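*Asks:* Here's my sequence, what's the structure:
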Amino acid sequence: MTTTQIDRMWGLMQRAQQLGISAHSNALAKATGSEFSVVDASTVSEAYLRAMLDLAQRPWDLVTYQHEVMRDVGKAWMNAWRATESEGPADRRFRDAKWDENPANRGMRDAHLALEAATDRLLSTLPSGTKEQLRVQFYTRQLLSALSPSNFLMLNPAARDRFMRTEGDSLLDGLENLLNDIERGDGRLDIATNDTSAFEVGRDLATTPGQVIYQNELMQLIHYAPLTEKQFRRPLLFVPPWINKYYIFDMKPDNSMVRYMLEQGHSVFLISWVNPTREHGHLSFEDYMRLGPLTALDQITKATGEKEFDILGFCIGGILVTATLAYMAARGDKRIKTATTLATMVDFTDVGEIGVFIDRERVEALRHHMAEKGYLENHHLQDMFSMIRENDLVWSFHVMNYLMGRKPPAFDLLFWNSDSTRLPAAMLLWYLEKIYIENGLRKPGHLTMDGVPIDISKIDIPFYVLSTKEDHIAVWTSVYPTTQLLGGDTTFVLGGSGHIAGVINPPATRPKYGYWTRPDYPQNPAEWLSGAERHEGSWWPHWANWIAALSPGDQVPAYQPGKGRLKPIEPAPGSYVRAP
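*Replies:* A predicted model of the protein is given here:
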């Protein structure tokens, strides 16, 4: 170890000592329940206790599990020493060719995969369909993922090789990255998933020209400058999620959905939600409807003179759009002529692994936690969604940042993903109880919006529903029931990839994920997929053709921001999206 390295190590250890106090306090508060955590120790313990009691009544299954582990792990090591060549598993944790270089590396890898497979078989014998079973399977997977040999410096051949080649500097770089992440999280480990200095909203992202033409306490309304001389008569309103910021619709120019629809001749308006603070804690889901899309429609009429519109919502923004359309149907308001939802569930019968984290007890814990602040901090949802894809969103960055001592690359989608927002207490509690737990959106008359009982089966306009095959947040088989619940003509499209990349999948010279379509909708989603046709490339042109076919035949001179009754307040992207 050189003198320079010793000096650097000493400085890092002093930083670590200072950070250790706050990190320990943070971890202790979460473990004891004095601070809210998405992981509830009591419910996890209860789930494992019930699983142990169940397995105790079936001792032969435990004996079989032990036998399978010993057999399969032993077989993995024997094959590792016998093999001369190996393609290796498809598991991305072990994609580096160094895992195949010698028997020791192969044996550690394949033995761990054998342990995971045997454990999964055992847990599949637990009583199905319960929160306890889901929790045991989920947290056991978390444990095994954490114990993967790829996560340890001395066991990961690529990390070891880099340590030797850099003469130990990679370990110091990794320690510095770790301390930086703890400092950024104020004692909480905030794993960097992208280069935060690579992008700036308004400079690299959200650069499509436009003007903020209206604002209230909850949102700014952006009117984008046209990119064609004439436009479709009906304006198109984008309603983004408010869990993250709106510019998922307006990333870089080559993957901006806003720019793409402008190029197709649409007049595009977009809601930019506020990042809530304590003073917004009272805002309800109904406030999001009244101050969001309903107000936006009124203001678009002032800006263009038009009284008919197309609308699009993404994720929770799509849930708001669906609820708003049911409210408008109940009121006889027919201003919306087509609707599109992206990665949006309206049936919460099966929510996938998100169900691990949410039940009535956790909602009460949330209520207590938010009573003083008036909002939920943004990192809680980030932690929850990351745990659902722990190997991709947690451990891969652990390896890159800390074991390899590298910085994460610049990636616009992950930059947006980490630019999350707070959630108002009143809105979140109502949403979790009424829509998530009670599954009220699919029950006619169960939900009341602004004093009006709603029924989504009364929505009788053309509806385009996009889901994505690998979505871990809005599981596509839970999005598909929308086809059975709406009252109008529904077009369901299944995109490739996941919740974000599958949606932001623009047309490109080298197509990525593809999509599936089918004109009829049997009740079972697996049956639909078995007869669906796969198409190469982006789903965007399919959607653009769908909405164009339903648009009025005549086009009008392009609507210019600020030329109607509403004058510009500030240029896009506006100030709300920049608020920390």
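*Asks:* all helices of the stretch 451-580 of the chain, in order?
*Replies:* In order along the chain, the stretch 451-580 of the chain carries the following helices (DSSP state H, counting those that start in this stretch): 476-479, 482-485, 525-530, 540-549.
*Asks:* which helices and strands sit right next to the last one?
*Replies:* Yep, that's helix 540-549 we're talking about. Helix 540-549 is packed against helix 257-263, strand 336-342, strand 463-468, strand 490-495, with contacts defined by 3 or more C-beta pairs under 8 Å, 6 or more residues apart in numbering; DSSP states H and E. In short, each C-beta sits where N, CA and C put it, glycine included.
*Asks:* go with 7 Å
*Replies:* Using 3 or more C-beta pairs under 7 Å, 6 or more residues apart in numbering; DSSP states H and E as the contact criterion, helix 540-549 has no neighbours among helices and strands.
*Asks:* again with the first one
*Replies:* If contacts are counted by 3+ C-beta pairs under 7 Å, 6+ apart, helix 476-479 sits against strand 463-468.
*Asks:* Repeat the analysis, applying 10 Å as the threshold.
*Replies:* strand 463-468, strand 490-495, helix 525-530 (3 or more C-beta pairs under 10 Å, 6 or more residues apart in numbering; DSSP states H and E).
*Asks:* which one of those lies closest to residue 475?
*Replies:* The closest of the helices and strands packed on helix 476-479 to residue 475 is strand 463-468. By C-beta to C-beta, the value is 8.3 Å.
*Asks:* can you state the direction angle for the closest one and strand 490-495?
*Replies:* Between the axes of strand 463-468 and strand 490-495, defined by axes from the mean of the first three to the mean of the last three C-alpha atoms, to 10 degrees, the angle is 20 degrees.
*Asks:* how far out from the middle of the chain is strand 463-468?
*Replies:* Per C-alpha atoms, centre = their mean, to the nearest Å, the displacement of strand 463-468 from the mean C-alpha position of its chain is 16 Å.
*Asks:* Sheet partners, orientation included, of it?
*Replies:* In the sheet, strand 463-468 lines up against strand 336-342 (parallel), strand 490-495 (parallel) (DSSP bridges).
*Asks:* Output those strands as CSV; include the columns mean neighbour count.
*Replies:* Formatted as CSV, those follow (neighbours: other C-beta atoms under 10 Å):
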stretch, mean neighbour count
strand 336-342, 24
strand 490-495, 22
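*Asks:* Any chance of those in a markdown table with distance to residue 320 as columns?
*Replies:* A markdown table is the format used below for the strands paired with strand 463-468 (distance: least, C-beta to C-beta, whole Å):
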| stretch | distance to residue 320 |
| --- | --- |
| strand 336-342 | 10 |
| strand 490-495 | 18 |
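*Asks:* can you tell which of these is closest to residue 436?
*Replies:* Across the strands paired with strand 463-468, residue 436 has its closest neighbour in strand 336-342 (16.8 Å, C-beta to C-beta).
*Asks:* Convert the C-alpha atoms of the closest one to PDB, please.
*Replies:* Below are the C-alpha coordinates for strand 336-342, written out as PDB (Å, rounded to 0.1, in the frame of the first residue of the first chain):
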ATOM      1  CA  ILE A 336     -63.100  13.700 -23.800                       C
ATOM      2  CA  LYS A 337     -63.400  11.700 -27.100                       C
ATOM      3  CA  THR A 338     -60.500   9.300 -26.700                       C
ATOM      4  CA  ALA A 339     -58.400   8.100 -23.700                       C
ATOM      5  CA  THR A 340     -55.100   6.400 -23.400                       C
ATOM      6  CA  THR A 341     -53.600   4.800 -20.300                       C
ATOM      7  CA  LEU A 342     -50.100   3.500 -19.900                       C
END
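*Asks:* Can you list the neighbours in contact with the helix or strand just after that strand?
*Replies:* Taking DSSP states H and E as the definition, the helix or strand that follows strand 336-342 towards the C-terminus is helix 360-373. Outside of helix 360-373, the residues within contact range by C-beta atoms under 10 Å, 6 or more residues apart in numbering are 33, 35-38, 40, 42-43, 277-278, 281, 356, 358-359, 376-377, 380, 422-426, 428-429, 432-433, 436-438.
*Asks:* Going through these, which ones are buried?
*Replies:* When neighbours are counted using 16 or more other C-beta atoms under 10 Å, these contain these buried positions: 36-38, 40, 43, 281, 356, 358-359, 376-377, 380, 422-426, 428-429, 432-433, 436-437.
*Asks:* and the residue lying closest to residue 502 once chain neighbours are set aside, what does it touch?
*Replies:* Spatial nearest neighbour of residue 502, chain neighbours left out: residue 468 (3.1 Å); criterion: C-beta to C-beta, 6 or more residues apart in numbering. Residue 468 makes contact with 342-343, 474-476, 479, 493-503, 505, 513, 515, 539, according to C-beta under 10 Å, 6+ apart.
*Asks:* Grab the nearest non-local neighbour of residue 182.
*Replies:* residue 19 (5.0 Å).
*Asks:* can you check residue 271 too?
*Replies:* Setting aside the residues directly before and after it, residue 271 is nearest to residue 219 in space (C-beta to C-beta, 6+ apart), at 4.8 Å.
*Asks:* Over to residue 349?
*Replies:* Leaving out its chain neighbours, the residue that sits closest to residue 349 by C-beta to C-beta, 6+ apart is residue 439, at 6.3 Å.
*Asks:* I'd say that neighbour and residue 351 touch.
*Replies:* Yes: in this structure, residue 439 sits in contact with residue 351. The criterion is C-beta atoms under 10 Å, and the distance is 9.3 Å.
*Asks:* So for the two, which sits in the more crowded spot?
*Replies:* It is residue 351, of residue 439 and residue 351, that has more neighbours when counted by other C-beta atoms under 10 Å, with 20 against 16.
*Asks:* Residue 384 is in contact with the more buried one, correct?
*Replies:* No: Residue 351 sits out of contact with residue 384 when judged by C-beta under 10 Å, with a separation of 12.0 Å.
*Asks:* Give the full set of residues in contact with the residue nearest to residue 271.
*Replies:* By C-beta under 10 Å, 6+ apart, residue 219 lies in contact with 212, 239-240, 242, 246, 270-274, 288, 291-293, 295-296, 574, 576.
*Asks:* next one: phi and psi at it?
*Replies:* For residue 219, the backbone dihedrals are phi -150, psi 160 (criterion: degrees, to the nearest 10).
*Asks:* quick one: pLDDT of it?
*Replies:* Taken from the predicted model, the pLDDT recorded for residue 219 is 98.
*Asks:* got it, and residue 24?
*Replies:* At residue 24 the predicted local distance difference test score is 66.
*Asks:* show me where pLDDT drops low in the stretch 351-500 of the chain?
*Replies:* Screening the stretch 351-500 of the chain residue by residue with the criterion pLDDT under 70, one finds no matching range.
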